[in-house]
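Student: Starting from these lines, generate the structure:
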Amino acid sequence: MRILLVEDDRTIASGLEYSLQQDHFSTVLCYNAASASKVLADGIDQFDLCLFDLSLPDGSGYDLCRMVKERSDIPVIFLTAIDDEVNVVMGLDMGADDYITKPFRIRELLSRIKSVLRRYHKPSQTKAIIEMDNVRIHTLEGKVYKNGAEIALTALEYRLLLIFGSHMGQVLTRNQLLEQIWDVAGDFVNDNTLTVYIKRLRDKLEDDPQQPAMIKTVRGLGYKVGD
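Tutor: The predicted structure is shown next:
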């Protein structure tokens, strides 16, 4: 996924670019409206999302948003230091998909980016039944069974298990898990809370929770389910 980031504060821009790249986004950084306009004119379709600061030294994020929406169906998120209803409504009315007010937590921004991208890209069809060894997730019913017996899970435990089940054989980092849980729950879930949820899932699903065979810890990377 490639993101066009337009932010005139070089310190903020550098931090955002680093965080986005750490989360495996490709970025193009511009510090003003003129350079951003040229980048968009040269190849708007190369981007999957745009992050525009509202206040730029030679224009505004509104102008860039209008340019994007006139030429392509690419999501736009505004970065603004002005928590003003009129400015926010103006941006949304012209087609912006979301906004976030500075200062913000980078995890919140990443979650909003991924939420917007999911709305623009059709998700792969979820299987009606996901099987993991002796555990079956019935996604249409929202139920989980182990050896044929239903297992009671909380909403977040179920969501976490569903994330694992949808990424069989893949290593998921703690940050990836935290962002997806936070986005669904609507509340901030911290690193310690994630550890508790992993432990609860192991207690409910593993034959021997002390030596987990299903949800495995990959040292220094994250967690993996299945092979």
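Student: Point out where this protein drops to low pLDDT.
Tutor: Applying pLDDT under 70 to the chain flags the ranges 82-86, 121-126, 182-189, 227.
Student: Mark out where each domain of it begins and ends.
Tutor: Residue ranges for the domains of the chain, per automatic domain parsing: 2-120, 129-225.
Student: next one: the longest one to chain centre, how far?
Tutor: Okay, so that is domain 2-120. Relative to its chain's centre, domain 2-120 lies at 15 Å (Cα atoms, centre = their mean, to the nearest Å).
Student: Just the buried residues of the helix or strand Thr11 falls within, please?
Tutor: Assigning secondary structure by DSSP states H and E places Thr11 in helix 10-22. For helix 10-22, a neighbour-count test (16 or more other Cβ atoms under 10 Å) marks 12-13, 16-17, 20 as buried. To be clear about C-beta, it is placed using only N, CA and C from the backbone, and glycine gets the same treatment.
Student: Now do the helices in the chain.
Tutor: Counting by DSSP state H, the chain has these helices, from start to end: 10-22, 33-43, 61-71, 85-93, 106-120, 155-165, 174-185, 191-205.
Student: The second one versus helix 61-71: what angle between them?
Tutor: This points to helix 33-43. 10 degrees (axes from the mean of the first three to the mean of the last three Cα atoms, to 10 degrees).
Student: which residues touch stretch 190-199?
Tutor: Contacts of stretch 190-199 with the rest of the structure, by Cβ atoms under 8 Å, 6 or more residues apart in numbering, involve 156-157, 160, 174, 177-178, 181, 209, 215, 223.
Student: what comes up buried for that stretch?
Tutor: By neighbour count on 16+ other Cβ under 10 Å, the buried set for stretch 190-199 is 194, 197-198.
Student: same question, stretch 151-169
Tutor: Across stretch 151-169, burial judged by 16+ other Cβ under 10 Å covers 151, 153, 156-167.
Student: How far does that stretch sit from its chain's centre?
Tutor: Relative to the centre of its chain, stretch 151-169 is centred 17 Å away, using Cα atoms, centre = their mean.
Student: One more: stretch 171-179?
Tutor: With Cα atoms, centre = their mean, you get 10 Å for stretch 171-179.
Student: Quick one: residues in contact with that stretch.
Tutor: For stretch 171-179, contacts defined as Cβ under 8 Å, 6+ apart pick out 23, 107, 110-111, 114, 160, 163-164, 189-191, 194, 218, 221-224.
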